[in-house]
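Trainee: okay, here's the prediction I keep looking at, along with the sequence it came from:
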Amino acid sequence: MKYFIIIITFLLTHVSVVQAQYGSDFDTTFGSVKFSTVFDTANYETRFTVSNNGKTVYKETLTDNVYEILHEAFEPGEKKYFLIHLFSGGAHCCSSLLIAEMRGDKYVVLDTGFYGNSGFTVEDMNKDGTKEIVSGNDMFAYAFTNYAETRFPLRVQKFEGGKLTEITGNFKADILYELGFFEEDLNEIIKEGFACPEKDDEETFNTDAGSAKTILAAIVADYFSLGQVERGYELVEKVYKCVDKDKYIKILKEDFKLK
């Protein structure tokens, strides 16, 4: 399945979901719990209110817009949680998530997730009965070249024990499938050829060398998820022979923790 193409595409297949256009106000109720949002057009803020049995139990001013609210159980027959999907607005950013529950009369945020440009979906990827949060990892957005050229490696999380945990490596077949597409893109760049920078501190943003870097970065990230990160760096050594190669590898290892 082409999970890597989930980039700013918010699928409409969720159960118990309310969606809003950016900057709009809405109320929605799940059982005794009511959510209300009012967008302040002067300050670009959202007044977010939660009520339980008609009594206000939580208020907050959010700097992001509430894009949608889901009421989801991650496993069949288990407890449902509130998933508050926030969107900052703008062409290329940013989605985030609050996962919350009611504890008596208290609204409690359990964990948060940040998804940048990619957005996310909630789905049972391997059909084992447990839903995951699926997104593209946008950590390389604008890192090596422009947004349009950036690749978004698969990212999968589970929600368990009140916390989000990365489990991308559990989906080896999907990662390998994605790697095939990234490697096709890389082979095209290699076939066409790309000019190397003359100095190791020369900017490669919006160049073919920058495009090669962002594809290679996504490949390294996928191999990292597979527990085979050395294979990614072997490919970098083989393909990217430019003067700034060592600096580039250092960025991947130290800034992006791919080691």
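Mentor: Received, thanks.

Trainee: would you map the strands across the protein?
Mentor: When assigned using DSSP state E, the strands of the chain occupy the ranges 17-19, 26-30, 33-40, 45-52, 55-62, 65-73, 80-87, 95-103, 106-116, 120-123, 132-136, 154-160, 163-166.

Trainee: neighbouring strands for the second one, and are they parallel or not?
Mentor: Note on strand 26-30: by DSSP bridges, its sheet partners are strand 33-40 (antiparallel).

Trainee: likewise the fifth one?
Mentor: Listed by DSSP bridges, the sheet partners of strand 55-62 and their directions read strand 45-52 (antiparallel).

Trainee: what comes up buried for the partner strand?
Mentor: The neighbour-count check on strand 45-52 (16 or more other CB atoms under 10 Å) flags 46, 48-52 as buried. To be clear about C-beta, it is placed using only N, CA and C from the backbone, and glycine gets the same treatment.

Trainee: could you dump the residues you listed to JSON lines with distance to A195?
Mentor: Shown next, in JSON lines, are those (distance: CB to CB, whole Å):
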{"residue": "T46", "distance to A195": "47"}
{"residue": "F48", "distance to A195": "50"}
{"residue": "T49", "distance to A195": "56"}
{"residue": "V50", "distance to A195": "56"}
{"residue": "S51", "distance to A195": "61"}
{"residue": "N52", "distance to A195": "62"}
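
Trainee: mind giving me the domain ranges of the chain?
Mentor: 3-136, 173-255 (automatic domain parsing).

Trainee: need those in TSV with mean pLDDT and distance to Y142, can you?
Mentor: Below are these laid out as TSV (pLDDT from 0 to 100; distance: least, CB to CB, whole Å):
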stretch	mean pLDDT	distance to Y142
domain 3-136	85	9
domain 173-255	97	8
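
Trainee: reformat the ones you listed as a markdown table; add distance to R151.
Mentor: A markdown table is the format used below for those (distance: least, CB to CB, whole Å):
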| stretch | distance to R151 |
| --- | --- |
| domain 3-136 | 8 |
| domain 173-255 | 4 |
